[in-house]
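1. output the structure for:
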Amino acid sequence: MKEFFATYPQAAWSIVSVLLAAVVIVALWEKVKWWWFNTWVTFPLVGRIATLSRNATEDTAAPGWFTGERTLCQEYKSFVHVQDEHDFNEKVKYLTKAGDNGRTNTPNWIWLLTISMVFIEAMGFSYVLAGYTLPGASENLQQTGAYGIAFLISIILVAFTHFAGHELYKSGLIKQARARWNRNGEMKTEDISLAFPQSTDDHLPSYVQLCNRVGDQTSYTITKATVVFVLLVAALATYVRGQVLERELESRVTLSNNQTDSAARSAGNSLDMSAANVRLPDADSASNNAADKKAVSDEADIDRHGGWATFIVLAFVFVFLQILGVIFGHRWGFAGKNSAAAFRDIGSGRYSSYSAVREHYRRIADTAQAKLAVLQHKIMDKNSAVGTSGQHLSKTFRDFIQETRLTDEEERKNERRHAAAVAAHQASAIEASAPVEPVAAPAVAVSVAVAPMAAPTPAPAPAPAVAAAVAGNASLDQVIAQLNALGNDKDAKRAIIAALPEDLDKLVRAELKRLKEENERKAREADAELEDLL
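-> A predicted model of the protein is given here:
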């Protein structure tokens with residue numbers, strides 16, 4: 001890398017600039033995409049408006065629209081996510097009840113910072129490990145191996161510490177809920193996902209609402225494994241560093257002693273004094289050698305103490321970095337099972353409320369309408385010169401969005417009707433294959449007791465599935481599913497309800513009432529939103 005920068009500096013810095021620009025574009029992709037599309041739409045000669053204005057034909061599948069108009073509106077519609085206010089508020093309510101409202105995913109710069117710090121720290125001892133994992137390898141190969149080992153260790157440590165922090169956060173929420181449950185009663189009723197109406201457990205305590213979305217069992221498995229792994233890596237890394245230091249010091253002392261002995265022998269233990277060779281006494285020669293060896297040994301001891309102190313400090317730094325990774329995992333992320341999906345559906349933190357969603361939609365709609373007006377003007381100019389239609393173009397982008405919404409709503413109705421028909425067919429097939437059982441007598445007695453003044457009319461015979469419900473084998477969900485499968489057949493529904501036990505009958509009536517109120521509320525909110533759009 002250094003040689004490449006030194007040899008080709010312009011090419012190297014050009015590559016770096018391109019990579020930095022790519023990072024910025026990826027980070028701001030939505031804004032860059034919106035800017036580029038608007039630039040391309042108004043580009044002269046080959047832009048979208050210039051191209052679509054050449055087509056002055058009407059869209060036969062959509063009366064009142066020209067093909068170019070609908071094409072431009074469809075392209076701008078890809079930037080619009082018209083979200084139902086009820087759905088938006090349901091997801092916010094889910095995050096609130098799960099204890100995740102106000103939290104976000106871990107930012108990308110936090111990931112980059114964590115991985116960089118751990119990688120740099122891992123490089124400090126991975127190079128030492130490479131000498132043992134690749135014995136006899138060349139210096140370049142050991143450096144390459146050191147990078148690979150550092151990468152593996154950093155990825156493992158970052159993953160462990162992040163999930164450990166997330167586990168601590170989730171278990172902390174459940175622990176708080178459990179502490180409140182110990183003072184009250186029921187801790188969890190059922191798992192409630194985004195598909196459920198979030199008002200299902202409004203009447204329950206907040207800790208029950210939290211456990212219905214997060215869970216009711218604490219777990220510290222990943223945290224314990226992370227602690228063991230981090231301490232093991234820190235201890236082994238310090239030990240290996242120390243052994244390498246001891247080996248180097250021992251080699252240095254041995255080499256220095258050998259050199260001292262060899263120099264003494266080669267000189268004949270003599271000094272050149274005034275051109276006369278004077279032989280030192282053996283005691284003085286031995287004393288000089290011992291002094292030299294002691295100086296080398298003392299220097300090695302100093303290096304040993306300083307090296308071990310440095311390694312211990314590095315071990316503490318390593319452990320602190322892992323604790324920091326756990327803190328990051330505890331600070332960001334979600335505990336709820338569907339919180340990440342709910343957060344993504346409400347704009348990943350871009351919108352603080354539904355009014356912010358509406359404001360975002362208005363900005364896009366106003367821009368699209370301005371571009372559509374330019375296109376309509378060009379189409380009418382072309383139509384006046386070579387066209388055959390004298391139609392004045394007056395459609396708006398909001399008209400297109402509204403028509404699209406109505407089409408989508410009709411498709412959803414058809415899907416629901418088809419699903420109801422399939423469910424009814426399957427229920428009929430199950431009832432036809434089930435053995436016929438006699439109808440319980442108490443159900444008829446109850447119907448007579450409720451209306452003694454009415455003319456005695458025989459109750460319609462319930463289906464075999466009803467007999468199972470009377471016997472107490474059907475749950476509330478099963479009965480509701482049977483009623484939904486019958487569609488608009490009210491007589492069959494009355495027959496099923498009339499044959500239910502008293503307790504189950506009350507539950508079914510309460511659930512039907514709740515479902516009706518829920519549907520009416522959704523309809524009111526949809527009408528209010530439609531009125532706002534229009």
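
2. let me know the pLDDT of residue 184.
-> With respect to pLDDT, residue 184 has a value of 68.

3. er, residue 373 actually
-> 90.

4. same question, residue 277
-> On the pLDDT scale, residue 277 gets 53.

5. contacting residues for the residue most central in space within the chain?
-> Centroid-nearest residue in the chain, with C-alpha atoms, centre = their mean: residue 340, separated by 5.0 Å. Residue 340 makes contact with 105, 334 under the criterion C-beta atoms under 8 Å, 6 or more residues apart in numbering. Any C-beta I mention is one placed from the backbone N, CA and C, and that applies to glycine too.

6. which element is it on?
-> Element membership of residue 340 [criterion: DSSP states H and E] is helix 339-345.

7. buried residues, that helix. List them.
-> Buried residues in helix 339-345, counted by 16 or more other C-beta atoms under 10 Å: 339, 342, 343, 345.

8. need the nearest residue in space to the last one, chain neighbours excluded.
-> If the residues on either side of it in the chain are set aside, residue 345 comes closest to residue 91, at 5.5 Å by C-beta to C-beta, 6 or more residues apart in numbering.

9. so the one you found sits right up against residue 194, yeah?
-> Yes. In this structure residue 91 lies within contact range of residue 194 using C-beta atoms under 8 Å: 6.7 Å.

10. who's more crowded, the two?
-> Comparing residue 91 with residue 194 by neighbour count (other C-beta atoms under 10 Å), the higher total belongs to residue 91, at 21 against 17.

11. would you mind measuring from that one to residue 520?
-> 21 Å (C-beta to C-beta, to the nearest Å).

12. again, but for residue 67
-> 40 Å.

13. cool, and residue 210?
-> Residue 210 is 29 Å from residue 520, by C-beta to C-beta.

14. do residue 506 as well
-> Look at residue 506 and residue 520: by C-beta to C-beta, they are 21 Å apart.

15. low-confidence ranges in the stretch 201-350 of the chain?
-> Counting by pLDDT under 70, the ranges of the stretch 201-350 of the chain that qualify are 257, 259-289, 292-293.

16. oops, could you answer that again for the stretch 51-200 of the chain instead?
-> Ranges of the stretch 51-200 of the chain meeting pLDDT under 70: 82, 130-137, 139, 183-186, 195.

17. sorry, back to before: out of the buried residues of helix 339-345, which comes closest to residue 371?
-> residue 345 (27.9 Å; C-beta to C-beta).

18. so who does that closest one touch?
-> Residue 345 makes contacts with 83, 87, 91, as judged by C-beta under 8 Å, 6+ apart.

19. now intersect those with the helices, please.
-> Using DSSP state H, the members of the contacts of residue 345 that fall in helices are 87, 91.

20. need the contacts of residue 345 in a markdown table with distance to residue 301, can you?
-> Shown next, in a markdown table, are these (distance: C-beta to C-beta, whole Å):
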| residue | distance to residue 301 |
| --- | --- |
| 83 | 71 |
| 87 | 72 |
| 91 | 66 |
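
21. closest one to residue 329 out of the contacts of residue 345, please.
-> Among those, and counting by C-beta to C-beta, the member closest to residue 329 is residue 91, at 23.5 Å.

22. list the buried residues for stretch 319-334?
-> Within stretch 319-334, the residues scored as buried using 16+ other C-beta under 10 Å are 321, 322, 324, 325, 326, 328, 329, 330, 332, 333, 334.

23. Throw those into TSV and include distance to residue 190 and secondary structure, thanks.
-> Formatted as TSV, the buried residues of stretch 319-334 follow (distance: C-beta to C-beta, whole Å; DSSP: H, G, I helix; E, B strand; the rest coil):
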residue	distance to residue 190	secondary structure
321	41	helix
322	38	helix
324	38	helix
325	35	helix
326	32	helix
328	33	helix
329	29	helix
330	28	helix
332	28	coil
333	24	coil
334	20	coil
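
24. want to throw those into TSV with distance to residue 95?
-> As requested, the buried residues of stretch 319-334 are exported to TSV (distance: C-beta to C-beta, whole Å):
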residue	distance to residue 95
321	31
322	29
324	26
325	25
326	23
328	20
329	19
330	18
332	14
333	13
334	8
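
25. out of these, which is nearest to residue 200?
-> Looking across the buried residues of stretch 319-334 and measuring by C-beta to C-beta, the closest to residue 200 is residue 334, at 20.3 Å.

26. any idea where the helices of the stretch 401-534 of the chain begin and end?
-> Per DSSP state H, counting those that start in this stretch, the stretch 401-534 of the chain carries helices over the ranges 441-450, 464-470, 476-485, 490-498, 502-533.

27. which residues sit against the third one?
-> I take that to be helix 476-485. Residues contacting helix 476-485 (C-beta under 8 Å, 6+ apart): 420, 423-424, 426-427, 465, 469, 474, 493, 496-497, 500, 504, 507-508, 511-512, 515.
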